[in-house]
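Trainee: predicted model follows, preceded by the sequence.
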Amino acid sequence: MIDYFTKRYTIPMRFPAQKKMLGLGHAVLFGLEPIDEPALIILGDTIIESDFGAFLQSTENLLGVAEVADPQRFGIVEIDDNYHIIGMEEKPQNPKSNLAISGIYMIQSQNKLREAITELMHKEIRTRNEFQLTDALRLMMEKGEIFRAKPIDNWHDCGKKETLLSTNAYLLGESKIIQGEVKNSILIAPVFVGQEALVENCVLGPNVTIAEHAKIKDSRLSHTIVDDYAYVENLVASQTIIGSNATVKGSVKTLNISDFSDVEMG
């Protein structure tokens, strides 16, 4: 990720690391600046199509929201007729609404958010054993901060395998984009082959993304994502995610292979 952004943008950037996985609130804390200015927070596991100018120009605390079928997986808000948020809860077992926070937040005071997250940590207030951003925002609301919900036009969640694959299909559309090398292969749109990737003796598609520098040989893949520098050989697979630098060989499978894995199937 660092390499991706630094190669494409010249604006000043920093990349604080969350060394312990203690929740989204804990992660956001490391990204806040030591100044009391607004902050636009966009989560990396979502794709949002919306009017970002409305968030940047807002003088209110603004949360993007969208209706979902499975609200138990998300931070949920309750709103009044004017879209003011009157309640919020992280991953509730019995949701009071189906309006999920969609991963974009305009917060007017970094200091107040920092104080709320710090209070969570000092008081050991956790949800599912993590310090949650939703819980910090609820603390701010309890202390008088006003939040408004903004419906998101188009939101694609990438938080689990199924939604990541469906989002990949959405982004591909009907396109066939070949930036790497393809030898003796059939590509069924939509499909994407990244720069310096190699595809040899394969049938790929539909809905297949091959990232930069990946190598795919003697395989049949559909509805699949292969991350950068992965190596795949003699594999028939669908509904599959293969992580960066992973090596996978053989058999017919539906897989979810993490980065740097080495899997050989008989």
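Mentor: Looks like it came in fine. Residues are numbered from 1 along each chain as shown.
Trainee: quick check: L29 is in a strand.
Mentor: No - under DSSP: H, G, I helix; E, B strand; the rest coil, L29 falls outside any strand and is assigned helix.
Trainee: can you tell me how far it sits from L120?
Mentor: According to Cβ to Cβ, to the nearest Å, L29 stands 9 Å off from L120. Where C-beta positions appear, they are placed from N, C-alpha and C, glycine not excepted.
Trainee: equivalent analysis for A54, please.
Mentor: Where L120 is concerned, A54 sits at a distance of 28 Å (Cβ to Cβ).
Trainee: give me the more crowded residue out of the two.
Mentor: L120 (24 against 12; other Cβ atoms under 10 Å).
Trainee: contacting residues around the nearest residue to I188 once chain neighbours are set aside?
Mentor: Nearest non-adjacent residue to I188, counting by Cβ to Cβ, 6 or more residues apart in numbering: G205, 3.1 Å away. Residues near G205 by Cβ atoms under 8 Å, 6 or more residues apart in numbering: I186, L187, I188, A189, P190, V191, L221, S222.
Trainee: do D135 as well
Mentor: Per Cβ under 8 Å, 6+ apart, neighbours of D135: G25, E90, L120, I125, T127.
Trainee: just to be sure, it is in a helix?
Mentor: Yes - looking at D135 with three-state DSSP, it is inside a helix.
Trainee: list the contacts for S219?
Mentor: C202, V203, L204, V232, E233, N234, L235, V236, A237.
Trainee: you'd agree the third one is up against L221?
Mentor: Yes - taking contacts as Cβ atoms under 8 Å, L204 lies within contact range of L221: 5.3 Å.
Trainee: the residue of the chain positioned farthest from its centre - nearest residue in space that isn't next to it in sequence?
Mentor: The centre of the chain is farthest from one residue, N184, which by Cα atoms, centre = their mean lies 34.3 Å away. What sits nearest to N184 in space, not counting adjacent residues and going by Cβ to Cβ, 6+ apart, is N201, at 5.2 Å.
Trainee: how near is the residue nearest to E49 when sequence neighbours are not counted to A116?
Mentor: Spatially, and ignoring its direct neighbours in sequence, E49 is nearest to N154 (3.7 Å; Cβ to Cβ, 6+ apart). Distance, N154 to A116, by Cβ to Cβ: 30 Å.
Trainee: more neighbours: the two, which one.
Mentor: A116 (24 against 11).
Trainee: name the helices or strands packed onto whichever strand or helix holds the more buried one?
Mentor: In the assignment (DSSP states H and E), A116 maps to helix 110-122. Helix 110-122 sits against helix 24-31, helix 133-142, with contacts defined as 3 or more Cβ pairs under 8 Å, 6 or more residues apart in numbering; DSSP states H and E.
Trainee: got the angle between that helix and helix 133-142?
Mentor: Taking axes from the mean of the first three to the mean of the last three Cα atoms, to 10 degrees, one finds that helix 110-122 is oriented at 110 degrees with respect to helix 133-142.
Trainee: where are the low-confidence patches of this structure?
Mentor: For the chain, applying pLDDT under 70 flags the ranges 252-266.
Trainee: break it down into its domains, please.
Mentor: The chain breaks down by automatic domain parsing into domains covering 2-159, 167-264.
Trainee: many thanks, have a good one.
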